[in-house]
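> Give me a 3D structure for the following:
(one chain, ligands or ions: 1)
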Amino acid sequence: MGAETASNHVTFLYASQTGNAETISHQLYATSVQHGHPSSCHSLDSYPAASLPTLHRAVFVVSTTGDGDPPDNALKFWRTLRKTLKNKEKPLGNLRYALLGLGDTNYSNFCNTAVRLDAMLEEAGATAFYPKGLADDATGLEDVVEPWIEGLWDALAKEVAGSSAEREVEETKPDAVDTADKAGTADKAGTADTADVDGAAAAVEALSIAPAHQRLVVDYSALAQLQKLSGAPKPPASICAITPLDTPAAAANSSSATLPPWHASLASSEHPDAFTRPFVARLGSAVRLTESAAAKRTLLLTIHPPPPPADADADADTARSSCRAGDAINIYAPNSAALVAALLRRLDCAKGDQPVRLSALDERITLPPHLQRFSSSTASAHYSLRQILLWAVDLTLAPRKQTLRALADCCTDAADRDRLLFLCSRQGAAQFDAVRRQAANIVDVLGAFPSCHVTAARLLDLLPPLQPRAYSVCNAAGDERWQVAFNVAEYALEIADPFAAAEEGMVVVRRRGVCTPWLEELAGQGSAAEVLVARRAGQFHLREREARPVVMVGPGTGVAPFVGFLEQRALEMQQAGGTPLGSAWLFFGCRSPTLDYLFHDRISSWLQQGVLSRLSLCFSRDTEARTSMGADVYVQDAVRRYAEELGRLMVEEEAVVFVCGDAKGMGPDVNLALADVLCQYAAAHTDARQRLGVVREGGGEALSRAEALEVLMCWAAEKRYLRDLWA
Ligand SMILES: Cc1cc2nc3c(=O)[nH]c(=O)nc-3n(C[C@H](O)[C@H](O)[C@H](O)COP(=O)(O)O)c2cc1C
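Sure thing, here's the model as predicted:
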């Protein structure tokens with residue numbers, strides 16, 4: 001970290017759950033180096049927060065996840081920063097920073113991580129040298145990100161010029177992460193760029209084969225009327241170089257196809273926390289929980305973590321063997337082999353299994369971690385392009401505008417180029433949205449633009465890192481096997497086809513997720529395949545022998561952690577000689593009781609035994625069952641229906657409320673329903689407002705929705721209202 005304390009150094013720090021902030025941060029870092037600023041780039045958790053007081057200049061790019069929470073790779077930093085703030089007065093007085101937040105206005109706490117980080121930095125005495133940007137994924141991150149980045153370089157240049165007038169010249173030695181402050185090396189970027197084009201051209205030549213891809217349905221008719229396009233982002237800098245090697249194929253890493261090839265050389269420095277460090281586990285069986293006629297295939301998959309090694313330290317022991325109800329695990333899955341094969345065909349790369357050297361075009365730049373693992377400077381073996389495409393980048397995510405902009409530059413046909421420029425321009429916003437709604441992957445996009453001669457190296461610059469996927473475990477502590485329930489992500493989208501005759505105006509495109517179809521396939525092979533897993537740090541836990549009432553809202557696979565909670569309560573009841581604990585109320589929803597009522601038998605049996613005191617069911621697609629069983633349509637409807645009882649539990653008996661499931665629809669809807677419950681309860685019960693601690697000058701007894709939402713936020717901070725929400 002030594003060089004980072006130099007007064008002209010710029011440290012880029014990111015917090016990212018699904019890779020957007022990470023990609024932006026790494027692109028900023030590479031451009032910063034090319035602008036001649038000595039720079040480095042880290043995830044927040046891989047940067048020691050205690051060293052922040054020694055930094056002079058930092059650029060933060062942070063996203064928000066869950067319900068206004070910081071991403072997983074910022075949690076440790078967050079805790080340390082809080083402690084640093086407590087112990088010292090204005091500890092970050094030296095630090096000048098810029099901050100870009102990524103969020104989505106479909107969620108209730110827009111860009112909460114950025115907003116809170118900004119407040120904490122300011123409180124700690126740091127000064128912003130450039131106005132904060134808050135980008136909205138709902139309308140397109142680029143709308144804010146692009147102009148923010150545009151202005152950043154001027155602001156940074158002024159900053160550094162200001163500081164260099166005062167600074168003493170420091171001789172700093174580059175280390176693995178830092179880039180040296182070497183004036184004049186900027187030229188090298190240009191040289192390397194040319195070298196890459198030549199090198200990559202050896203592997204990626206003329207394009208010919210039309211791959212099996214889904215057709216992209218976009219109406220470009222508006223383009224003919226347009227004189228000028230505006231608002232297209234700048235293409236990101238080229239960072240990667242790929243050089244085919246003549247080493248025999250055996251030199252490529254030949255570990256199990258179900259494990260990322262880098263897993264054996266996983267540096268503990270990458271995962272300093274033993275609790276969340278990845279390890280190899282074995283897949284067990286998968287049992288189907290839904291009927292064959294159900295719309296979704298939901299599986300219950302068993303995973304066997306390895307027994308702790310005899311010489312393991314206590315931390316590692318804990319990480320491997322135990323699993324609390326409510327925990328989630330990350331599973332590392334590759335892109336589909338068929339998709340990678342289609343991409344290699346599209347890149348006309350016949351030698352996808354030949355080892356390659358992956359390096360940075362500019363030797364001053366360190367590749368981002370997901371590529372660094374495959375780079376020659378750190379990897380113990382050379383990997384093939386197929387392995388890199390399988391494990392390093394996400395091929396399934398719909399392309400960002402920046403990617404389309406960069407692809408436009410690779411087209412030899414003017415019509416292809418114009419269409420791509422249109423898609424990422426302000427005027428093509430509706431068409432860009434259509435591409436996103438079709439969840440088009442990179443192979444679909446390249447299939448739609450046959451003259452796009454993008455190189456494999458350029459694609460690695462553009463595609464987001466492939467992230468592990470997280471699943472809640474369904475079992476309680478002490479269970480040696482772990483179980484996760486998930487819907488196999490395979491779906492068909494119906495899209496209006498602007499070119500079709502009116503009577504047949506819809507086309508159907510099929511999509512597959514990365515992880516769940518792969519897990520299903522592996523479990524079906526019955527060979528106890530090895531997979532890389534890691535535990536996620538979280539707070540979605542039921543206290544031991546919880547005496548307060550417990551309210552659980554979990555439709556669909558959102559019920560998974562509650563199966564673990566109820567398992568835990570059943571054990572606790574048994575230990576207490578059958579004496580019931582506090583009450584437990586489950587709100588569960590599915591389409592129909594006969595098709596997709598998950599864990600039906602276990603839930604019914606817990607209800608009979610008194611482990612579960614109350615069950616409210618919702619069936620969204622079965623009117624008959626709703627009528628006969630007195631069920632509601634959605635869980636938020638049931639929450640509102642039982643406002644009086646729920647209100648009493650929440651207000652008078654300090655119930656703990658847990659919500660698990662969809663972050664976009666169900667999570668915010670249930671949040672509003674709970675706020676309405678509080679309003680309704682307060683309207684019917686004098687003094688409820690006082691008991692909730694909402695004091696308003698000259699106000700009556702009624703509680704407004706805004707006040708109720710604030711109460712819920714306070715409860716969330718006190719861990720009386722916990723949410724585990726996912727996309
Ligand atoms: C499960 C989930 C929960 C999210 N919760 C929030 C939220 O509470 N507030 C917000 O502003 N954005 C939220 N977002 C939106 C992300 O912050 C946004 O998509 C961002 O671009 C992700 O960046 P990343 O890939 O670097 O994590 C959420 C996204 C997901 C998938």
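
> burial count for the nearest residue to Leu95 once chain neighbours are set aside?
Nearest residue to Leu95 in three dimensions, chain neighbours excluded: Ala126, at 4.0 Å (Cβ to Cβ, 6 or more residues apart in numbering). Using the backbone N, CA and C atoms, a C-beta is placed for each residue, glycine as well. Here the number of neighbours of Ala126 (other Cβ atoms under 10 Å) works out to 23.

> Count residues in the vicinity of Thr105, would you?
Neighbours of Thr105 under the rule other Cβ under 10 Å: 12.

> my guess is it meets Ala135, correct?
No: between Thr105 and Ala135 there is no contact under Cβ atoms under 8 Å: 10.4 Å.

> From the ligand, how far out is Asn441?
17 Å (Cβ to the nearest ligand atom, to the nearest Å).

> Quick check on that residue: phi, psi?
Per-residue torsions, Asn441: phi -90, psi 180 (degrees, to the nearest 10).

> Also the one 4 residues further on?
Main-chain torsions, Val445, degrees, to the nearest 10: phi -70, psi -50.

> again with the one 5 residues further on
In this entry, Pro450 is assigned phi and psi values of phi -60, psi -20 (degrees, to the nearest 10).

> Just give the number of residues close to whichever residue of the stretch 501-650 of the chain sits closest to the ligand.
Sorted by distance to the ligand under Cβ to the nearest ligand atom, the residues of the stretch 501-650 of the chain start with Gly558, at 12.3 Å. If you count neighbours by other Cβ under 10 Å, Gly558 ends up with 28.

> you'd agree it is up against Gly667?
No: using Cβ under 8 Å, Gly558 makes no contact with Gly667, being 9.3 Å away.

> which secondary element of the protein has the worst mean pLDDT?
helix 186-203 (a mean of 28; mean pLDDT, DSSP states H and E).

> And the host helix or strand of Arg689, what does it pack against?
Applying DSSP states H and E as the criterion places Arg689 in helix 688-691. Identification of packing neighbours for helix 688-691 by 3 or more Cβ pairs under 8 Å, 6 or more residues apart in numbering; DSSP states H and E yields helix 643-651, helix 666-684.

> List the buried residues in the shortest one.
When neighbours are counted by 16 or more other Cβ atoms under 10 Å, the buried residues of helix 643-651 are found to be 643, 646-651.

> ok, back up a step: so how far is the ligand from the residue nearest to Leu95?
Ala126 is 22 Å from the ligand, where distance means Cβ to the nearest ligand atom.

> residues in contact with that residue?
Contact analysis of Ala126 by Cβ atoms under 8 Å, 6 or more residues apart in numbering lists 92-93, 95-97.

> Out of the residues you listed, which comes closest to the ligand?
Nearest to the ligand among these: Tyr97, at 18.2 Å, using Cβ to the nearest ligand atom.

> Residue of the stretch 301-450 of the chain closest to the ligand, please.
Nearest residue of the stretch 301-450 of the chain to the ligand (Cβ to the nearest ligand atom) works out as Leu397 at 9.4 Å.

> isn't that residue right next to Val445, touching?
No: between Leu397 and Val445 there is no contact under Cβ under 8 Å: 10.9 Å.

> re earlier: which among the buried residues of helix 643-651 gets closest to Leu615?
Using Cβ to Cβ, Leu646 comes nearest to Leu615 of those, at 13.8 Å.

> Excluding chain neighbours, what is closest to the closest one?
The shortest distance from Leu646 to any non-neighbouring residue, by Cβ to Cβ, 6+ apart, is to Val677 (5.1 Å).

> Who are the contact partners of that neighbour?
Here Val677 is in contact with 639-640, 643, 646-647, 650 (criterion: Cβ under 8 Å, 6+ apart).

> Now Ala135: which helix or strand?
Using DSSP H and E, Ala135 falls within strand 133-136.

> in the helix or strand following that strand, what's buried?
Using DSSP H and E, the next helix or strand after strand 133-136 towards the C-terminus is helix 142-166. By neighbour count on 16+ other Cβ under 10 Å, the buried set for helix 142-166 is 142-146, 148-149, 152, 156, 159-160, 163.

> Backbone dihedrals for whichever residue of the chain sits closest to the ligand, please?
Going by Cβ to the nearest ligand atom, the ligand is nearest to Gly103 of the chain, at 2.4 Å. Torsion angles at Gly103 (phi, psi; degrees, to the nearest 10) stand at phi -160, psi -160.

> just checking, it touches Thr139?
No: the criterion here is Cβ under 8 Å, and Gly103 misses it with Thr139 at 11.1 Å.

> Report the distance from the strand ranked longest in the chain to the chain centre.
In the chain, taking DSSP state E as the definition, the longest strand is strand 279-288. Put simply, strand 279-288 sits 23 Å off its chain's centre (Cα atoms, centre = their mean, to the nearest Å).

> Quick check: pLDDT value at the closest residue in space to Leu649 that isn't next to it in sequence.
Using Cβ to Cβ, 6+ apart and skipping the chain neighbours, the partner closest in space to Leu649 is Ala655 (4.0 Å). In this model, Ala655 is scored at 98, pLDDT.

> for the closest residue to Asn487 other than its chain neighbours, what are its contacts?
Spatial nearest neighbour of Asn487, excluding adjacent residues (Cβ to Cβ, 6+ apart): Lys296 at 4.5 Å. Residues near Lys296 by Cβ under 8 Å, 6+ apart: 290, 487-488, 556, 596.

> which of these has the most neighbours?
Counting neighbours by other Cβ under 10 Å, the top entry in the contacts of Lys296 is Asp596, with 25 neighbours.

> Quickly note the distance from Gly151 to Gly133.
Gly151 is 9 Å from Gly133, where distance means Cβ to Cβ, to the nearest Å.

> same thing with Gly556?
35 Å.

> Please name the residues that touch the residue of the stretch 301-450 of the chain closest to the ligand.
Leu397 touches 441, 463-464, counting by Cβ under 8 Å, 6+ apart.

> redo that, cut-off 7 Å
By Cβ atoms under 7 Å, 6 or more residues apart in numbering, Leu397 lies in contact with Pro464.

> Would you mind giving the secondary structure of it?
Here Leu397 is coil, with the state taken from DSSP: H, G, I helix; E, B strand; the rest coil.

> How much space separates it from Arg536?
Separation of Leu397 from Arg536 (Cβ to Cβ) stands at 21 Å.

> do Gly140 as well
29 Å.
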